[in-house]
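Enquirer: here is my input, please return the structure:
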Amino acid sequence: MWRTSSYTASNGNCVEVAVVSDIAVVAVRDTKDRSIPSTQTSCAAWTAFIKAAKSGALDCA
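Expert: Below you'll find the model as predicted:
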């Protein structure tokens, strides 16, 4: 099931994510153009990305 970020703007500028549990990956797609194939990454890589984003490690300085 695809989930849209709670930070999605009213114009749809955001991404959607879905956990594909049978192959243990996270799929990410563009909310504005769902016809573009999703990007897939491992659950571990996604978790590391979210942790880094929350900690501010990915902020532009």
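Enquirer: paired strands for the helix or strand bottoming out on mean pLDDT in the chain, with orientation please.
Expert: Across the helices and strands of the chain, mean pLDDT, DSSP states H and E gives its lowest value to strand 3-4, namely a mean of 88. Paired neighbours of strand 3-4 in the sheet (DSSP bridges): strand 15-20 (antiparallel).
Enquirer: just checking, what packs against the next helix or strand along the chain from the partner strand?
Expert: Per DSSP states H and E, the first helix or strand lying C-terminal to strand 15-20 is strand 25-30. Identification of packing neighbours for strand 25-30 by 3 or more CB pairs under 8 Å, 6 or more residues apart in numbering; DSSP states H and E yields strand 15-20, strand 39-42, helix 43-55. For every residue, glycine as well, the C-beta is placed using N, CA and C.
Enquirer: what does strand 25-30 contact?
Expert: Strand 25-30 is contacted by residues 2, 15-20, 36-43, 45-46 when judged by CB atoms under 8 Å, 6 or more residues apart in numbering.
Enquirer: next: stretch 38-49.
Expert: Counting by CB under 8 Å, 6+ apart, residues outside stretch 38-49 touching it are 17-20, 24-29.
Enquirer: switch those residues over to CSV; also include distance to residue 10, pLDDT and neighbour count.
Expert: Listed next are the contacts of stretch 38-49 as CSV, based on distance: CB to CB, whole Å; pLDDT from 0 to 100; neighbours: other CB atoms under 10 Å:
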residue, distance to residue 10, pLDDT, neighbour count
17, 20, 93, 17
18, 22, 94, 15
19, 26, 92, 15
20, 28, 90, 12
24, 34, 88, 10
25, 30, 94, 18
26, 25, 96, 20
27, 24, 95, 17
28, 21, 94, 16
29, 19, 92, 18
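Enquirer: can you tell me which of those is closest to residue 51?
Expert: Comparing those against residue 51 with CB to CB places residue 26 closest, at 13.5 Å.
Enquirer: list the contacts of residue 8.
Expert: By CB under 8 Å, 6+ apart, the contact set of residue 8 is 14, 31.
Enquirer: low-confidence stretches in the protein?
Expert: Within the chain, the stretches with pLDDT under 70 are 9, 11-12.
Enquirer: can you do 80?
Expert: 5-13, 61 (pLDDT under 80).
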